[in-house]
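Colleague: A predicted structure for the sequence below; I have some questions about it.
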Amino acid sequence: MFMRQATDVRKQWSLVCDGVIHEKPAFIKRTRDRMWFSNLDTMSEILSAYQYTADRFVEEDGSITLSLNEMDLVENGKDEKEARTKMGRSILDYSNDYYAEYEQYSHSPNRKKHIPYIFKALIMDDPEQIGDSIQCQDGKN
């Protein structure tokens, strides 16, 4: 069976870690708890299906406002590059706050769906890279 017992995993910790890093994720069972253990490359590949999207608005002063669709975040910059970088920073800051208070945030009905986007940002860990990954579309004023 693919589910490994936690006692066996503890006894072979280094071997299990090497297998997860170099071969494949592991499924672990402890009493009634079930866990999944993988490297960050695998997690990143799984989360690649989740994309940040934003509505882009050109303001009267020529600045750009981005409104993120997946989370209630809005940022403005003098141009799109600055707005994206600011949004990337906001996403990463929110993700760090979310993770710090994971038990509370992950059980909140309006924030539960943020989980994949939170982990995606934490793995990326680069505001500019996060900002560059946002797919923008023109918003309606």
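Modeller: Received the coordinates, thanks.
Colleague: Only C-alpha atoms from now on, for both contacts and neighbour counts.
Modeller: OK.
Colleague: mind listing what residue 89 touches?
Modeller: Residue 89 makes contact with 126-128, 130-131, according to CA atoms under 8 Å, 6 or more residues apart in numbering.
Colleague: Could you check the host helix or strand of residue 97 and say which residues are buried?
Modeller: Here residue 97 sits within helix 80-100, counting by DSSP states H and E. Buried residues in helix 80-100, counted by 16 or more other CA atoms under 10 Å: 80, 82-96, 98-99.
Colleague: thinking again about what came up before, just the buried ones from the contacts of residue 89, in ChimeraX syntax?
Modeller: Buried subset of the contacts of residue 89, written as a ChimeraX selection, criterion 16+ other CA under 10 Å:
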select :127,128,130,131
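Colleague: what does the helix or strand of the chain with the lowest mean pLDDT rub up against?
Modeller: In the chain, no helix or strand scores lower on mean pLDDT, DSSP states H and E than strand 3-5, which sits at a mean of 89. Contact with strand 3-5 is made by 26-30, as judged by CA under 8 Å, 6+ apart.
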